[in-house]
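[1] sequence first, predicted model second:
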Amino acid sequence: MFAKNQNQTPTTKSAEAESNSINIIGVGTTITGDIQSNGDIRIDGNLKVNLVTKGKLVVGPSGSITGDIQCKNADISGKIEGKISVSELLTLKASSKFTGDIITGKLAIEPGAIFTGTCSMNGGSVTSPQSSIAAK
């Protein structure tokens with residue numbers, strides 16, 4: 001009844017836990033540097049970083065990022081200045097302010113969003129964050 005699953009090794013369990021993790025940068029927090037994650041990230045603070053994640057990036061209304069971003073999916077409600085590469089879907093919410101370059105598979109822009117820059121949609125052929133992380 002309580003037998004251990006012999007197919008899962010401790011390494012597999014820790015990799016699954018790491019990829020399912022959610023990282024939160026709260027309001028009032030400022031981070032400068034590079035961030036690399038296997039899980040999802042929510043930003044409500046201020047970042048001056050290069051950010052790479054295999055998961056989803058959510059930038060809340062009070063969040064701001066200055067720097068380059070690579071992720072699988074992104075929902076942006078705050079402010080971004082820089083370049084963003086999204087392998088699947090990028091959503092710019094009505095409250096978002098984006099200045100820079102977008103490379104994405106799919107793009108959704110809500111009425112009221114502000115976007116200044118360039119956009120390249122590659123039909124999903126954007127370099128995935130996994131290959132970028134592995135290359136570093």
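    Received it, and whenever you're ready, just let me know what you need. Numbering: from 1, shown residues only.
[2] what ranges do the strands span in this protein?
    22-25, 30-37, 40-43, 46-53, 56-59, 64-66, 69-71, 73-76, 79-92, 97-109, 114-121 (DSSP state E).
[3] any chance of these in a markdown table, plus mean pLDDT?
    Output for these, formatted as a markdown table (pLDDT from 0 to 100):
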| stretch | mean pLDDT |
| --- | --- |
| strand 22-25 | 91 |
| strand 30-37 | 94 |
| strand 40-43 | 96 |
| strand 46-53 | 96 |
| strand 56-59 | 97 |
| strand 64-66 | 97 |
| strand 69-71 | 97 |
| strand 73-76 | 98 |
| strand 79-92 | 97 |
| strand 97-109 | 96 |
| strand 114-121 | 95 |
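[4] which of these is buried the deepest?
    strand 69-71 (a mean of 26; mean count of other CB atoms under 10 Å). Yep, even glycine has a C-beta here, placed from its N, CA and C like the rest.
[5] which residues are in contact with it?
    Contacts to strand 69-71, defined as CB atoms under 8 Å, 6 or more residues apart in numbering, come from residues 41, 50-57, 80, 82-87, 127, 129, 132.
[6] within the sheet, what are the partner strands of that strand, with directions?
    According to DSSP bridges, strand 69-71 has the following sheet partners: strand 46-53 (parallel), strand 79-92 (parallel).
[7] pick out the residue nearest the middle of the chain.
    Leu57 (3.0 Å; CA atoms, centre = their mean).
[8] partners of that one in the sheet?
    Beta-bridge partners, per DSSP bridges, of Leu57: Ile41, Ala74.
[9] same check on Val86?
    Under the criterion used (DSSP bridges), Val86 bridges to Cys71, Thr104.
[10] my read is that it contacts Phe98, right?
    No. Checked against CB atoms under 8 Å, the pair Val86 and Phe98 is beyond contact range at 11.8 Å.
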